[in-house]
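Student: kindly return the folded structure for what I paste below:
(one chain, ligands or ions: 1)
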Amino acid sequence: MNYKAFHKLSYGLYIIASEFEGTRSGYIGNTAFQVTSSPPQIAISCHKNNDTHGIILKSGVFSLSVLKKEASTSLIGEFGFMASSEMDKFAKVKTEVHSTGAPVVLDSSLAWFDCRVVQTLDVGSHTLFVGEVAESQLLSDDEPLTYEYYREKYKMLAPRNAPTYIEKDKLTEEPSAKPSAPQPDQTGMASADPDDEEEYICAICGYVYRPDDGDLAAGIPPGTPFSELPEDYRCPICNAGKDYFKPMG
Ligand SMILES: Cc1cc2nc3c(=O)[nH]c(=O)nc-3n(C[C@H](O)[C@H](O)[C@H](O)COP(=O)(O)O)c2cc1C
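Tutor: Numbers count the residues shown, from 1 in each chain. Purely as a prediction, here's the structure:
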């Protein structure tokens, strides 16, 4: 089996949310697609360990918000890597409630769908929920965020609960893997110390800090070793502090 073939499947990125008896829950999902147009139905694949899984099972409803290309990274970090039972993911985001009662996340969203579950299919680690769309809204014509763009931008693999998760050792060497020879940094100097090139992974969300890339959004130029990051540097995905990063080894 060539697991890299799975990377050729395309997806978007969504916030899927639900509510039951006052408890709100939501997660980032890339597996969502329209199943039929008449009636309009959307399917999602939700991991059984997600808090939202239990809430959807009990409420029988979910909302799906389509994220825009430049969606907030902290929104992705909180909804995609934290458990709803451990934090109020909705505290900082704007939401609305429509036909089904599921919270609809408006921040970083281009469109939303409010769905009632009409079928569930147990597929092992995940449940496939098919929802009939009760209401939908287009908020903007901007570009949606694709899973490929997200992966390229943050150089991340899918987290363990995503149906698209593939264990790292199953992926063979990328054709575009970086060369082993030292690369020139911004000043044109080659980095001589291998420690300066060491990649560090965030233990919370799996984001990898690569010295070759730096972190332009945080003002860190390419060629900056992890040891030279400011002490208040934070993970661009989940906002974890520098202490949470471990050498990739
Ligand atoms: C890019 C990305 C894609 C994801 N796709 C899915 C998915 O399709 N299905 C799923 O069950 N979890 C997926 N996850 C994982 C959940 O978002 C994550 O487990 C979340 O913390 C669950 O939150 P909850 O426990 O509050 O429901 C994805 C996460 C990320 C970052």
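
Student: pull the helix or strand bottoming out on mean pLDDT in the chain out as PDB, backbone CA atoms only.
Tutor: For the chain, using mean pLDDT, DSSP states H and E, the weakest element among its helices and strands is helix 147-154, scoring a mean of 82. Extracted C-alpha coordinates of helix 147-154, given in PDB (Å, rounded to 0.1, in the frame of the first residue of the first chain):
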ATOM      1  CA  TYR A 147      -6.600  20.700   3.700                       C
ATOM      2  CA  GLU A 148      -3.700  20.700   1.300                       C
ATOM      3  CA  TYR A 149      -3.000  24.400   1.800                       C
ATOM      4  CA  TYR A 150      -3.100  23.900   5.600                       C
ATOM      5  CA  ARG A 151      -0.700  21.000   5.400                       C
ATOM      6  CA  GLU A 152       1.700  22.900   3.100                       C
ATOM      7  CA  LYS A 153       1.500  26.100   5.200                       C
ATOM      8  CA  TYR A 154       2.100  24.500   8.600                       C
END
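
Student: give the next helix or strand downstream of that helix.
Tutor: strand 200-202 (DSSP states H and E).

Student: can you give me the strands for this structure?
Tutor: Listed in chain order, the strands of the chain (DSSP state E) span 14-20, 23-29, 32-37, 40-47, 61-67, 95-97, 103-105, 109-122, 126-138, 200-202, 208-209, 245-247.

Student: please name every helix or strand in contact with the least confident helix or strand of the chain.
Tutor: Packing partners of helix 147-154 (3 or more CB pairs under 8 Å, 6 or more residues apart in numbering; DSSP states H and E): none among the helices and strands. Where C-beta positions appear, they are placed from N, C-alpha and C, glycine not excepted.

Student: where does the prediction get shaky in this protein?
Tutor: 154-159, 166-194 (pLDDT under 70).

Student: any idea which of the strands of the chain gets closest to Phe81?
Tutor: In terms of CB to CB, the element of the strands of the chain nearest to Phe81 is strand 23-29, at 8.2 Å.
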